[in-house]
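Engineer: Got a sequence here, can you build the structure:
(chains A, B, C, D, E and F)
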Number of protein chains: 4
Amino acid sequence: MAHTTIAEKVDRRDGRVIRAERRRIERRATILHAAESVFAQRGYHAASVDHVIKAAGVSRGTFYLYFESKSAVFLELLDGFSFRLMSAIEVVDASAPDAWIRVLSNLQRVVGLLVENRALAAVLFRSAVGLDETVDQRLERLHAHWRKMLVGALENGAARGMVRAVNSELVATALIGSIKETLIEALIKADKTVHVGELARTLMDLHLSGLRPR
Amino acid sequence: MAHTTIAEKVDRRDGRVIRAERRRIERRATILHAAESVFAQRGYHAASVDHVIKAAGVSRGTFYLYFESKSAVFLELLDGFSFRLMSAIEVVDASAPDAWIRVLSNLQRVVGLLVENRALAAVLFRSAVGLDETVDQRLERLHAHWRKMLVGALENGAARGMVRAVNSELVATALIGSIKETLIEALIKADKTVHVGELARTLMDLHLSGLRPR
Amino acid sequence: MAHTTIAEKVDRRDGRVIRAERRRIERRATILHAAESVFAQRGYHAASVDHVIKAAGVSRGTFYLYFESKSAVFLELLDGFSFRLMSAIEVVDASAPDAWIRVLSNLQRVVGLLVENRALAAVLFRSAVGLDETVDQRLERLHAHWRKMLVGALENGAARGMVRAVNSELVATALIGSIKETLIEALIKADKTVHVGELARTLMDLHLSGLRPR
Amino acid sequence: MAHTTIAEKVDRRDGRVIRAERRRIERRATILHAAESVFAQRGYHAASVDHVIKAAGVSRGTFYLYFESKSAVFLELLDGFSFRLMSAIEVVDASAPDAWIRVLSNLQRVVGLLVENRALAAVLFRSAVGLDETVDQRLERLHAHWRKMLVGALENGAARGMVRAVNSELVATALIGSIKETLIEALIKADKTVHVGELARTLMDLHLSGLRPR
DNA sequence: CATGAATGAGAGTTCATTCAT
DNA sequence: GATGAATGAACTCTCATTCAT
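Structural biologist: Numbers count the residues shown, from 1 in each chain, chains lettered A, B, ... in the order given. Purely as a prediction, here's the structure:
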């Protein structure tokens, strides 16, 4: 992306450039994966560029050839993961009869994705603040994005009578918080097997029906 | 402190010793407050002893005269605040007719305390993991303590018919998460005025009645 | 070193890699020599990493690139020198007719080596104790090793009738002390020219024949 | 010595001053003793002013009221000990029939003194160099003094036929070295009981008769 | 005289980033 | 492109000394 413009690629499609391009992409991926596992194991701060390049089998200089900085790699991991998370969420038609089942499916897919990528998920959720100015800002933005999505869904749902009318900003934040916290707990502390289904169902039941005895 | 016996202190209660003692306490408080705001602004890692001493208007040596280490100050802030938080919570008799009102009062007091000490609250809630072994452990312990308390309350409440039976571990974690997240939002991002009452009421209403339309 | 396999090194024996390798070795030597002279001038404690890097014309980071710590450099100097010293000593067959001449040769070689490396010798002999646990232990070990060697030689010599029977532990220690002290004097205080031959001969004569008039 | 001149003492011998003076002397001694044991236990460098004042039960300021600096205390200990050592040596008339016995007595007294004050002796002997500029210089001076004394004795003895003619400078240094080294060994490493008599006798025998079989 | 709070220069070490080869 | 040697600012912490009280 950085040094080889698309124009160049089109210009000399004689094989050489293509192969070099492929090499570039592979190298980038190698470093990215190495960084992921290092960050996941040690957290953002305790993970050093040294750890990453050793895990990737790449020289120091090469690292900086493919990534601007330590925080840039982290940012990219963040973005990629966030994208996959977003992609797992399917828009639910509130008027459909199985609307709630579909919401539950969404939640299950999200939880499943997080559990599958537990290491990265843990890093993303626990490395809350103070890592690096750029990283902090991006995390903030991601959060804002998620919250906005949820706010929209709540208001939409309220309009269609699926949920009752609430302070949607506040409730959205609360829902995110409850998901994050239960997942952190589930991912990091407990024994490694997480019942994705139960977790999702319990959360949904709680938020749907509340704690008051029926 | 070492060579000033209690006798001596009593002997010369003519101002000298007393004033010195007061100065010590004030100095300590100055540093502690400076540390609080620095930690709140930058997070544990990005905050350096240098920042703290400059904010406190104190020399490097003085800092280490009053605190053993950077992590020691942080730990002290943590412990002190956690204690005040705990003290704000009153045990509620589940069979009392005004039980829910008292729970709401508890929640309001906690939220109020957090809002009043927004800087410290931010530190407490947002500080990432992987900072320092001691700090990590203490944060973990605090969290475990809070969760255990809530789990106890939920199970007690379920036994008395105040709340329905749920997976109390999971629900406790979810509740903590929702409180944490809404408070982080309220404290840091939004305009400085937080409606303590509304926040507490909304949270309680959400968790009590859920989102399903009545 | 880590990612440069031997194959690679062989592959491009066209100068590049070789020159880099040589540069590394030279740099290491530069730092080591700088450290040697700094340690010699100021002693272990008064010598700081700062002094060393300034003397070597090298940055702080570079120092730690080549050596693990301040004590590591010192230890390396110690070990290297001790090895050369040991290598200078030839085992003497006590039954040979020129045994004493060979002992004298040994002594001369040792003294010569010390005089040639006066800076290092000074470090080795004068450095005080209580500097650093690791350093202390190593110095102790070296000393013990030398003493043991001498004790063995004395007992062996006594068995073959070359020397008379004495408290070999005590005498070995005394011999070492006399060598150390005369060398410290010779190396550091006096004018720079030391008569290696005379020093060795005088010492040997003293210890062989004693002070009593013949 | 420092703040109360003799003139003052004579001026107002009304009791007050005298008592104050006595207090001063006692305090000074207290600190000095504390320093001695601290230095002995930890060596010059590892011993801090903090250790000393705590051992003496005296405040930081008071320490600096009686001694100019950390090194000043050490210097004073050094001087005092050196003085006692010198006082233990009796001038031997080389023409007396029991001259050698008297030399042995001297050696025994010196060794005995060192053994009695093993802690301090060890510090003095092992803290060779690089402690502090002032301390280094003083140690050098002390050494030079001892050596000069011994050189004089050797030359005197040679003139009277008590010992044979040797390079007295070199031999004096060698003798000092052998005494120092054996004492360090005896004082620090070995089990606590040192046979003063044997040590002195062995040393003297070695230096008198040498190692050559009779 | 006595105190001990305050100082700040200096210690060793780390690590993200640069750049000559 | 790729390398890894080199950099230096920044970090936490120590301790001999000063000085207001």
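Engineer: for chain C, what are the nearby residues on chain A?
Structural biologist: A:54, A:57, A:58, A:59 (Cβ under 8 Å from any Cβ of the partner chain). Where C-beta positions appear, they are placed from N, C-alpha and C, glycine not excepted.
Engineer: Apply the buried test to the residues you listed and list what passes.
Structural biologist: Burial by neighbour count, 16 or more other Cβ atoms under 10 Å in any protein chain shown: within these this picks out residue A:58.
Engineer: Out of the residues of chain A next to chain C, which are close to DNA strand E?
Structural biologist: The overlap between the residues of chain A next to chain C and the neighbours of DNA strand E (Cβ under 7 Å from any atom of the strand) is empty.
Engineer: Could you point out the helix or strand that follows the lowest-mean-pLDDT helix or strand in chain A?
Structural biologist: The weakest-scoring helix or strand in chain A, judged by mean pLDDT, DSSP states H and E, is helix A:6-11 (a mean of 50). Next helix or strand after helix A:6-11 toward the C-terminus (DSSP states H and E): helix A:16-46.
Engineer: how is chain A carved up into domains?
Structural biologist: Using automatic domain parsing, the domain ranges for chain A come out as A:1-67, A:74-214.
Engineer: tilt between the helix or strand containing residue A:182 and helix B:168-184?
Structural biologist: Under the criterion of DSSP H and E, residue A:182 resides in helix A:168-184. Here helix A:168-184 runs at an angle of 130 degrees relative to helix B:168-184 (axes from the mean of the first three to the mean of the last three Cα atoms, to 10 degrees).
Engineer: Return the helix or strand following helix A:168-184 as CSV; C-alpha atoms alone will do.
Structural biologist: As assigned by DSSP H and E, the chain's next helix or strand after helix A:168-184 is helix A:196-209. What follows is helix A:196-209, C-alpha atoms only, in CSV (Å, rounded to 0.1, in the frame of the first residue of the first chain):
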residue,chain,number,x,y,z
VAL,A,196,-21.0,-19.2,23.9
GLY,A,197,-24.7,-20.1,23.7
GLU,A,198,-25.3,-19.8,27.4
LEU,A,199,-23.4,-16.6,27.7
ALA,A,200,-25.4,-15.0,24.9
ARG,A,201,-28.7,-16.4,26.1
THR,A,202,-28.2,-15.3,29.7
LEU,A,203,-27.1,-11.8,28.7
MET,A,204,-30.1,-11.4,26.4
ASP,A,205,-32.5,-12.8,29.0
LEU,A,206,-31.2,-10.3,31.5
HIS,A,207,-31.4,-7.3,29.3
LEU,A,208,-34.8,-8.3,27.9
SER,A,209,-36.6,-9.3,31.1
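Engineer: quick one: contacts for the closest residue to residue A:121 other than its chain neighbours?
Structural biologist: Leaving out its chain neighbours, the residue that sits closest to residue A:121 by Cβ to Cβ, 6 or more residues apart in numbering or on different chains is residue A:114, at 4.2 Å. Applying Cβ atoms under 8 Å, 6 or more residues apart in numbering or on different chains to residue A:114 gives the contacts A:85, A:121, A:183, A:187.
Engineer: so the first one sits right up against residue A:109, yeah?
Structural biologist: No - the pair residue A:85 and residue A:109 does not pass the contact test of Cβ atoms under 8 Å, sitting 9.1 Å apart.
Engineer: By proximity to chain D, which residue of chain A wins?
Structural biologist: Per Cβ to the nearest Cβ, residue A:46 is where chain A lies closest to chain D, at 32.2 Å.
Engineer: Now for that residue, how many residues are close by?
Structural biologist: Residues lying near residue A:46 (other Cβ atoms under 10 Å in any protein chain shown) number 14.
Engineer: circling back: can you name every helix or strand that the helix holding residue A:182 contacts?
Structural biologist: Helices and strands in packing contact with helix A:168-184 are listed as helix A:99-116, helix A:118-126, helix A:133-159, helix A:196-209, helix B:168-184, helix B:196-209; criterion 3 or more Cβ pairs under 8 Å, 6 or more residues apart in numbering or on different chains; DSSP states H and E.
Engineer: how about 7 Å then?
Structural biologist: Applying 3 or more Cβ pairs under 7 Å, 6 or more residues apart in numbering or on different chains; DSSP states H and E, we find helix A:168-184 packed against helix A:118-126, helix A:133-159, helix A:196-209, helix B:168-184, helix B:196-209.
Engineer: How about residues contacting that helix?
Structural biologist: The contact list for helix A:168-184, computed with Cβ atoms under 7 Å, 6 or more residues apart in numbering or on different chains, reads A:111, A:114, A:121-122, A:125-126, A:146-147, A:150-151, A:154-155, A:199, A:203, A:207, B:170, B:173-174, B:176-178, B:180-182, B:185, B:199, B:202-203, B:206.
Engineer: got the angle between that helix and helix B:133-159?
Structural biologist: Orientation of helix A:168-184 against helix B:133-159 (the same axes, to 10 degrees) gives an angle of 110 degrees.
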